[in-house]
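1. no sequence on this one, just coordinates:
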C-alpha cells in the first residue's frame, strides 16, 4: 500500500461572489481604483480561451480569518475580480500548511465552505469596493445574496516520506478522502458508494500529473505549473450562476407586480390604466435581453477540448442551464404580458377614437336639424 499523499505546496481559494449592478464600466473603474489592472491568464492552455472583456483585478490586502469552530486564525490574501456584467468575485487565498494530508484538510474545508466569518468579510469588501468603483457601476443593485465556491488548489504533492507524490496520483479520482474533502464531511463513517461516485463523477486530466474534480460547491484542482486558468473558469461559472439567480428573482417580482397591477386597475374610458406598466414591462424586457447577451459574451469561446469539458461540467454541476431556462421562460411571460398590456392600450385607444367619431357624428346631426 502506497504512503498517503500530503500537500507540499497548495492553497485554499475561497470565493464570495456578489451582484452589484446592471453593468460595470471597466475602463472607468480602472481609472477610479488605484493599482487595479486587467486580469491576465497564464499557462499552456490560455490560448484556447477567448474572453472578450477581461475582468479588472484588485488587490485587497492581507487579513486573518478567524475560524471559531477550529479555534484558529488563518492568514489570507484578499483580492477581487470585477466583471463588466455586474458581478464582483472576492477571493480569500489561504495557504495550506506544507505537509498537510488531505484527511487533515477536511475539517478546515468544512469550516470554510459556508463560513459566516468569510461571509462577513465579503460583505465588508463589497461595500468597500462599491465606494471605490463609484460611478463605474451603472444602475446599482441592492441584492444581498451571495454565491460561495471553494477550490483546494494543489501545486505539488508528496508522500508521507517527503518523496514526490506524482507516482501515487492515480487513486485520487476515486478516493474516499477526496470525496469527503469536497463535501466537507467529517464523519468517520464511509460515504455511500453512490454518493462517492456522484461527487467524484466530474474528474478531468490533461497531463498525467494534473487533475480537476468539480463538485457543486467545491473543487480539487491539481496543477503543477501553478496556472490559475481552471480556477478562473470555475469562478466565471459561479458568477454566471449568481447572475441568473438574480434575474430569476427580479423576474418573479416583475411578474407579481404585473399581476397585482392588473387586478387592482379599474377600467377607464378615456385613458388606459396600463400605459405606465406597459412602458415599465418593455424596459425590463430589454434590460433582461441585454443581460443574457452580456453573460453569454463573458466567455466567447473555449477552443481547447480539455478546458471546454471542465467548463461545461461546472456549468452543468452548478445547474446553470436550469436557471437559464427558468429566466428565459419567465422572460417569455414578461414578453407575453407586454403584448397583452399593449393590446389593452391599443383597444382603449380604438374605443376612444370610436367614441370621438360617434360624438362628431352626433354633433353633425344636431347641427343639421338645428333651426336656421
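-> Nice, thanks for sending it over. Just so it is clear, the model here is predicted, and its values are computed rather than measured.

2. What are the boundaries of the helices in the chain?
-> Using DSSP state H, the helices of the chain run over 26-32, 102-113, 116-133, 176-183, 193-199, 229-264, 275-297, 305-317, 320-369.

3. least reliable of the ones you listed going by mean pLDDT?
-> Mean pLDDT values for these show the minimum at helix 275-297, a mean of 67.

4. circling back to that earlier point, can the helices of the chain go into CSV with extra columns for mean neighbour count?
-> All C-beta atoms are positioned from the backbone trio N, CA, C, and that covers glycine. Formatted as CSV, those follow (neighbours: other C-beta atoms under 10 Å):
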stretch, mean neighbour count
helix 26-32, 16
helix 102-113, 19
helix 116-133, 16
helix 176-183, 21
helix 193-199, 14
helix 229-264, 19
helix 275-297, 16
helix 305-317, 18
helix 320-369, 14
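
5. Could you dump those helices into CSV and include distance to residue 72?
-> Converted to CSV, these look like this (distance: least, C-beta to C-beta, whole Å):
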stretch, distance to residue 72
helix 26-32, 35
helix 102-113, 9
helix 116-133, 11
helix 176-183, 18
helix 193-199, 26
helix 229-264, 24
helix 275-297, 38
helix 305-317, 30
helix 320-369, 35
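
6. Nearest to residue 146 among those would be which one?
-> helix 116-133 (6.2 Å; C-beta to C-beta).

7. what angle separates the closest one from helix 102-113?
-> Orientation note: helix 116-133 sits at an angle of 60 degrees relative to helix 102-113 (axes from the mean of the first three to the mean of the last three C-alpha atoms, to 10 degrees).

8. what separates helix 116-133 from the chain centre, distance-wise?
-> Chain-centre distance of helix 116-133: 16 Å, with C-alpha atoms, centre = their mean, to the nearest Å.

9. residues making contact with it?
-> Helix 116-133 is contacted from outside by 14, 16, 18, 20, 24, 29, 32-33, 58, 60, 63, 65-68, 78, 80, 82, 88, 90, 92, 112, 137, 140, 146, 148, using C-beta atoms under 8 Å, 6 or more residues apart in numbering.

10. Without its sequence neighbours, what residue ends up closest to the residue nearest the centre of the chain?
-> With distances taken as C-alpha atoms, centre = their mean, the residue of the chain nearest its centroid is residue 239 (2.1 Å). Closest residue to residue 239 apart from its sequence neighbours, by C-beta to C-beta, 6 or more residues apart in numbering: residue 87 at 4.4 Å.

11. residues contacting that neighbour?
-> With contact taken as C-beta under 8 Å, 6+ apart, residue 87 is in contact with 17-20, 239, 242-243.

12. Let's have the residues you listed in TSV, adding distance to residue 205.
-> Listed next are the contacts of residue 87 as TSV, based on distance: C-beta to C-beta, whole Å:
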residue	distance to residue 205
17	27
18	33
19	34
20	36
239	25
242	28
243	30
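
13. Which one of those is nearest to residue 98?
-> residue 17 (29.1 Å).

14. quick one, domains of this protein?
-> As assigned by automatic domain parsing, the chain contains the domains 5-226, 237-369.

15. thinking again about what came up before, surely the residue nearest to the centre of the chain is in contact with residue 86?
-> No - with contact defined as C-beta atoms under 8 Å, residue 239 does not count as touching residue 86 (9.3 Å).

16. Could you pick out the buried ones from the contacts of helix 116-133?
-> The neighbour-count test (16 or more other C-beta atoms under 10 Å) marks 14, 16, 18, 20, 24, 29, 33, 58, 60, 63, 65, 67, 78, 80, 82, 88, 90, 92, 112, 137, 146, 148 as buried among the contacts of helix 116-133.

17. mind listing what the closest residue to the last one other than its chain neighbours touches?
-> If the residues on either side of it in the chain are set aside, residue 148 comes closest to residue 16, at 6.0 Å by C-beta to C-beta, 6+ apart. Under the criterion of C-beta under 8 Å, 6+ apart, the contact partners of residue 16 comprise 89-90, 92, 118-119, 121-122, 125, 146-148.

18. at 10 Å what do you get?
-> 78, 80, 88-92, 115, 118-123, 125-126, 146-149, 238 (C-beta atoms under 10 Å, 6 or more residues apart in numbering).

19. now residue 27
-> Each residue near residue 27 by C-beta under 10 Å, 6+ apart is listed here: 38, 53, 56, 84, 136.

20. Can you tell me which of the residues you listed is closest to residue 313?
-> Nearest to residue 313 among these, counting by C-beta to C-beta, is residue 53 at 24.0 Å.

21. Wait, the closest one touches residue 30, no?
-> No - using C-beta atoms under 10 Å, residue 53 is not in contact with residue 30, being 11.9 Å away.

22. Show me whatever sits in contact with both of the two.
-> residue 38.

23. For residue 183, see how far away residue 91 is.
-> Distance of residue 91 to residue 183, computed by C-beta to C-beta, to the nearest Å: 22 Å.

24. repeat for residue 36
-> Taking C-beta to C-beta, one finds residue 36 at 36 Å from residue 183.

25. Residue 155: how many residues sit nearby?
-> Using other C-beta atoms under 10 Å, residue 155 is surrounded by 17 other residues.

26. Please determine how far residue 325 is located from residue 308.
-> From residue 325 to residue 308 the distance is 21 Å (C-beta to C-beta).

27. Could you do residue 44 as well?
-> Separation of residue 44 from residue 308 (C-beta to C-beta): 15 Å.

28. ok, now residue 336?
-> For residue 336, the distance to residue 308 - C-beta to C-beta - is 35 Å.

29. Check residue 99 too.
-> 36 Å.

30. residues in contact with residue 193?
-> Residues counted as contacts of residue 193 (C-beta under 10 Å, 6+ apart) are residue 176.

31. Low-confidence ranges, the stretch 1-150 of the chain, go.
-> Residue ranges of the stretch 1-150 of the chain with pLDDT under 70: 1-3, 43.
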